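In: structure for the following, please:
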Amino acid sequence: MTDRAASAATTSTVAAARTPRSTYRLQITGSFDLDEATRLVPYLARLGVDTVYLSPILQASRGSEHGYDVVDPTRVDDARGGPEALARLAVAAHEAGLGVLVDIVPNHQGVGDPMQNPWWAAVLREGRTSPHASAFDIDWEVGDGRVWLPVLGSAVDDVVARGELRVSPEGVGEEAPFGHARYFDLVLPLAAGTAPAAPTSDPDTVLRVLDQQHWRLASWRDEAAVLNYRRFFTITSLAGVRVEDADVFAASHAEVLRWFREGLVDGLRIDHPDGLADPGRYLDDLAAAVSAATGAAPFVAVEKILEYGETLPSWWATDGTTGYDAMAEIDRVLIDAGGEAGLTALDDRLRAATGLPPASPWPEMIAETKRVVAETSQAAEVARLVRCAPTRLRDAVSDEELRSGLVALLAAFPVYRSYLPAGGEHVRHAADEAVSRHPEHAAAIAAIAAALLDPGLEFSRRFMQTTGPVMAKGVEDAAFYRYTRLGTLTEVGGDPSQFALGVDEFHDAAQRRQSAWPTAMTALTTHDTKRSEDVRARLSVLAEIPERWSDVLGRLREIASTGHGPFDNLVWQAIVGAWPASEERLRAYAVKAARESAERTSWADPDDAFEARIDALVAAAHGQAAPVVDEVVAAIQAAGRSNALAAKLLQLAGPGVPDVYQGTELWDLSLVDPDNRRPVDYAVRAGVLDDLDRGELPPIDDSGAAKALVVSRALRLRRDRADLFHRYAPLPAVGAAASHVIAFDRGGAIAAVTRLPMGLTARGGWGDTVVMLPSGRWTDALTGAEHDGGAVPAGELFARYPVTLLTRE
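Out: As a prediction, the model looks like this:
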């Protein structure tokens, strides 16, 4: 825990936090609430889990399936079980020896239905004089003292003329006894003394009432021009919260601190810290508050996306990231670098056949997608940056040049954000790149960059709060759906231009994690991943057979195509990766992917003709193309499962705190949300675990029991013998197939896995390859097989499974 005591201590002695040895992520919803999680505790304990890891549980919008739209941070969500259910879960977990980790959302609150959020409703009713006005990041001056709400389907005059907006003196429920305006299901509070005498939709009356409010309505299409509050990314229904204000921090964390005081939870996951004004200070404040309440600095993991080669700020009061960096490394060490040329050539042919130019290098592609985001969906944020620019800058540069320079810098920014005064090199890099692409704005870019390097300016702070949304929307939600040569590469936290990782590079990364962030989390699947770990493991096989995939894709496209070659590649890979999957699931993924890419259709302006071709392609997968899909899946399934077991053991046995996403102890072939949040059948999983505990060694088949064996034995070993996982030392393999082995010693526990299984089969198997083990007698925790130290034949180690987990007798 880097600099943890210094940043968290409020007294001379700070107790140690309970550091998880592993976590198991549960998506808590109305249908799988905290009591359901409590009933699951005995199974999780048997599985070997050390800590139950909960999605957000504070009061969220009604019907929310994810919980990231908190409407009241002062209480546990009633639909998720309420405070009593949290207490029951805490007791059950702690009695079973499990910790409790909870995901919290300090950056924003849900405001889509204002009447559900008492703070937001008060601001709309009372304006900037409301005691809650300081909670939200609102630019009152540009709004003429009002909050702009771009929520209408068309211009306000048209909505009123059609009688779609009704005003009434009547209250809405016990919590909102005041007058209100209604637009379909949207209810907005009216300021005191402004309600009409009776409910009405009369245009003149409605307009007169609207003119007296502390809010203004506009079409959703006008949000770039009128929006005057910070939001989460481009989601207008999630309003930014000012936790940098001490009173706001205290009010929004009172319930969280109660959890610690009462011993209910042991740690936190912090959602999107990059949206905050000062993430480092926030983490200090959080650690100090928990330490003051309990005498112990909390275990804290941050959802921080690190770009390739970037490191987490070492001065933060955190145990590390939530693990996307580890995910990218594990994925890439199981990809054959030799397949890059073939898959790139296929992409070039597909683009040419579609009438598209060759794909731009990745940095150029994302510079363009980020530019579009900055100019369109983040235009309101850019406009606010222009308004808050220091006087000296606005005197030197016109507003239009300022806007153009900001867009260029946002498009060129190389990481999610900087934490000034640290990270000035990223500002300078962005300035150099921006000038090279837009020399006509060189003077403005230079002046802006100079101002950005002053960390004391609101201008600098807000710029850093804007780089993350531009990166997320431009890269993860656009370019990732355009860069389609191999689906494994376009995953959260990954850089698709980094095609593969060598074994030595993988070891280097693992040793850095063990040295710098030994208690950072590691992940393979999350609620945000574009494809589950097992889908990616299967798709990675395509890098071993690029020519064969090219042939198969050609056959599939002859049967059904959208007319866009690279997008066809994306969708057919998703179908093959998730197969068998229902037509409904595949269509939802394909339409979302197409709209996110925004090349031929989009969320704002769907193209019915293109989406009809998507429907036809997905239908064909279950019809005429099904035999071809079955053929290719049969050809790569075994290798994909080998990759999946290898990835899982690399994660579970590697440095850091491994997280198992709900249900992924068996095969999980899920795609992007909401597909990855489907209900989990725990009865099946408990039955599989029962069979394993009777000593049965399962085949690697459709049941997924082989994966459950790896997960349960690795988790149990980490929980029960933490002393075996205190260092990281690579172990060499020698022989003709040595490049197909990854092996390491964690200090008494040894993990060894197979990589590039298709290539291994093609070369005829392990042959003379041996893995060098330390002296002693070693037992495989998966099979019970025993091996003497020294040069152990790989064929012996991997006789039953493509992975092995060894402990010394």
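In: in this structure residue 458 contacts residue 385, no?
Out: No: checked against C-beta atoms under 8 Å, the pair residue 458 and residue 385 is beyond contact range at 9.5 Å. Where you see a C-beta, it was placed from the backbone N, CA and C, and this is true even at glycine.
In: who's more crowded, these two?
Out: Comparing residue 458 with residue 385 by other C-beta atoms under 10 Å, the one with more neighbours is residue 385, at 24 against 13.
In: could you confirm the more buried one falls within a strand?
Out: No: the assignment for residue 385, made by DSSP: H, G, I helix; E, B strand; the rest coil, is helix rather than a strand.
In: what sits against it?
Out: Applying C-beta atoms under 8 Å, 6 or more residues apart in numbering to residue 385 gives the contacts 406, 459, 462-463, 466.
In: number of nearby residues for residue 551?
Out: 13.
In: and the gap between residue 367 and residue 480?
Out: Separation of residue 367 from residue 480 (C-beta to C-beta, to the nearest Å): 15 Å.
In: which one's more surrounded, the two?
Out: residue 480 (25 against 21).
In: who's in contact with the more buried one?
Out: Neighbours of residue 480 in contact, by C-beta under 8 Å, 6+ apart: 490-491, 496, 530, 596.
In: of those, which pair is most distant in space?
Out: Farthest apart among those by C-beta to C-beta are 496 and 596. That separation is 15.1 Å.
In: still on that earlier bit, pipe the contacts of residue 480 into a markdown table and attach distance to residue 579 per row.
Out: Converted to a markdown table, the contacts of residue 480 look like this (distance: C-beta to C-beta, whole Å):
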| residue | distance to residue 579 |
| --- | --- |
| 490 | 19 |
| 491 | 19 |
| 496 | 23 |
| 530 | 17 |
| 596 | 22 |
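In: report the longest helix in the protein, please.
Out: The helix spanning the most residues in the chain, taking DSSP state H as the definition, is helix 626-653.
In: average pLDDT for that helix?
Out: pLDDT averaged over helix 626-653 equals 98, rounded to a whole number.
In: could you list the buried residues of that helix?
Out: 628-629, 632-633, 635-653 (16 or more other C-beta atoms under 10 Å).
In: over to stretch 533-552?
Out: So for stretch 533-552, counting by 16+ other C-beta under 10 Å, buried means 533-546, 549-550, 552.
In: ok, stretch 658-673 next?
Out: 658-673.
In: give me the buried entries from the contacts of residue 480.
Out: 490-491, 496, 530, 596.
In: shaky segments in this structure?
Out: Scanning the chain for pLDDT under 70 picks out the ranges 1-16, 173-176.
In: middle-most residue in it, spatially?
Out: Centroid check for the chain by C-alpha atoms, centre = their mean gives residue 528 as the closest residue, at 3.8 Å.
In: so who does residue 736 touch?
Out: 763, 767-769.
In: distance check, the residue lying closest to residue 666 once chain neighbours are set aside against residue 667.
Out: Ranked by C-beta to C-beta, 6 or more residues apart in numbering and with sequence neighbours excluded, the top spatial neighbour of residue 666 is residue 704, at 3.3 Å. Per C-beta to C-beta, residue 704 is found 4 Å from residue 667.
In: same question for residue 637.
Out: For residue 637, the distance to residue 667 - C-beta to C-beta - is 10 Å.
In: one more: residue 248?
Out: 44 Å.
In: which residues in the stretch 101-250 of the chain form strands?
Out: 108-110, 147-152, 165-168, 180-183, 186-189, 215-219, 231-232, 235-240 (DSSP state E, counting those that start in this stretch).
In: now swap in the stretch 251-400 of the chain and tell me
Out: Under DSSP E, counting those that start in this stretch, the stretch 251-400 of the chain gives strands at 267-270, 299-302, 320-321.
In: one step back: from the contacts of residue 385, which land in helices?
Out: 406, 459, 462-463, 466.
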